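Enquirer: The following comprises the amino acid sequence and a computationally predicted model.
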Amino acid sequence: MATDEEHRRTRQGETAPGGASAVRRPRRPVRRRDDRHQWEKDRARTTREERLATGATERDTGLGRDDLVFSAAYRRVAADAGLARALGVPEGTDLLERRYRTRHRDEHAPFDLVRSYLVVDMIRGEPDLLDEAKEPWPGGTQSQLHAVGIELDRVEERVTARPATEEEADELGLGPGVPVMVVQKTSIDTRERVVDWSEIVLPGDRAEAVFTTRLERW
């Protein structure tokens, strides 16, 4: 029987149990575009049926809803120094941490690793927003915020690259030396409050970030 380490190495395309070379299947790519935020905002005011029909992952991957397996895990945490600074709140503020994973039904590794933080006081008016069992929420985070009267003014994203941690490499099924792309996303509402801070970790071997900047005409 193969060990957990042998299974991990096989998934990452290093060696199969017994030393044989493993054939690594191509993974489905993810293309993350910056116009996704306006698309999500426009959808926040559409019907529930329309929002249920498709989501951001389908848009980023070109896959259908039935191709995807989604999971969400919520927990309440107190803001540490880093989260307090990112969200503009005092240390110790009650936050809702949300962890999301979405993968293709035929693959073990998710497309990305997502951690999102909301300030509990901003969303407690809608108890469903505190319940992971209500996920996936039709329309995503902007629709969730719209449910408590919050409208986004802008989204700021900071993109960096770094070596994957051992845990990230294992969960994302990365081979040796493959880096990750890290997106730190700050969502700011029309009252200039940070209403959501998220970190998205993308696998460097199959993720692409596309930025389109509209320029004013002369």
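Expert: It's in. Numbers count the residues shown, from 1 in each chain.
Enquirer: Glu208 is in what secondary structure piece?
Expert: strand 207-210 (DSSP states H and E).
Enquirer: now what about the strand or helix carrying Arg32, what contacts it?
Expert: Counting by DSSP H and E, the element that carries Arg32 is strand 30-33. Residues outside strand 30-33 that contact it (C-beta atoms under 8 Å, 6 or more residues apart in numbering): 60-61, 111-112, 183, 202, 206-212. Every C-beta, even on glycine, is put in place using the N, C-alpha and C of the backbone.
Enquirer: try 7 Å
Expert: Here strand 30-33 makes contact (C-beta atoms under 7 Å, 6 or more residues apart in numbering) with 60-61, 111-112, 202, 206-210.
Enquirer: so what's Arg33 scoring on pLDDT?
Expert: With respect to pLDDT, Arg33 has a value of 84.
Enquirer: Quick check on the contacts of strand 30-33: which are buried?
Expert: Among these, the ones that count as buried by 16 or more other C-beta atoms under 10 Å are 60-61, 111-112, 202, 206-207.
Enquirer: If we go by neighbour counts, what in the strand holding Arg32 is buried?
Expert: Result for strand 30-33 [16+ other C-beta under 10 Å]: buried residues 30, 32.
Enquirer: What is the subsequent helix or strand relative to it?
Expert: Following strand 30-33 in sequence, per DSSP H and E, is helix 36-43.
Enquirer: next SSE after that next one?
Expert: helix 48-53.
Enquirer: What residues of that next one count as buried?
Expert: Those would be Arg51, for helix 48-53 by 16+ other C-beta under 10 Å.
Enquirer: Over to stretch 56-71?
Expert: Buried residues in stretch 56-71 (16+ other C-beta under 10 Å): 56-57, 59-61, 63, 68.
Enquirer: tell me which of the residues you listed is nearest to Arg124?
Expert: Of all these, Ala56 has the smallest distance to Arg124: 25.1 Å, by C-beta to C-beta.
Enquirer: For the most centrally placed residue in the chain, list each beta-bridge partner.
Expert: With distances taken as C-alpha atoms, centre = their mean, Val114 lies nearest the centre of the chain, 3.4 Å away. Beta bridges link Val114 to Tyr100, Ile200 when assigned by DSSP bridges.
Enquirer: what's the pLDDT at it?
Expert: 97.
Enquirer: before we move on, what about Gln184?
Expert: pLDDT, read off for Gln184, is 97.
Enquirer: Please look at it and Glu199 and confirm they touch.
Expert: Yes. Between Gln184 and Glu199 there is a contact at 5.5 Å, judged by C-beta atoms under 7 Å.
Enquirer: before we move on, what SS does Glu192 have?
Expert: Three-state call for Glu192 (DSSP: H, G, I helix; E, B strand; the rest coil): coil.
Enquirer: gap between it and Leu152?
Expert: 11 Å (C-beta to C-beta, to the nearest Å).
Enquirer: Equivalent analysis for Glu166, please.
Expert: 35 Å.
Enquirer: the more surrounded of those two?
Expert: It is Leu152, of Glu166 and Leu152, that has more neighbours when counted by other C-beta atoms under 10 Å, with 20 against 9.
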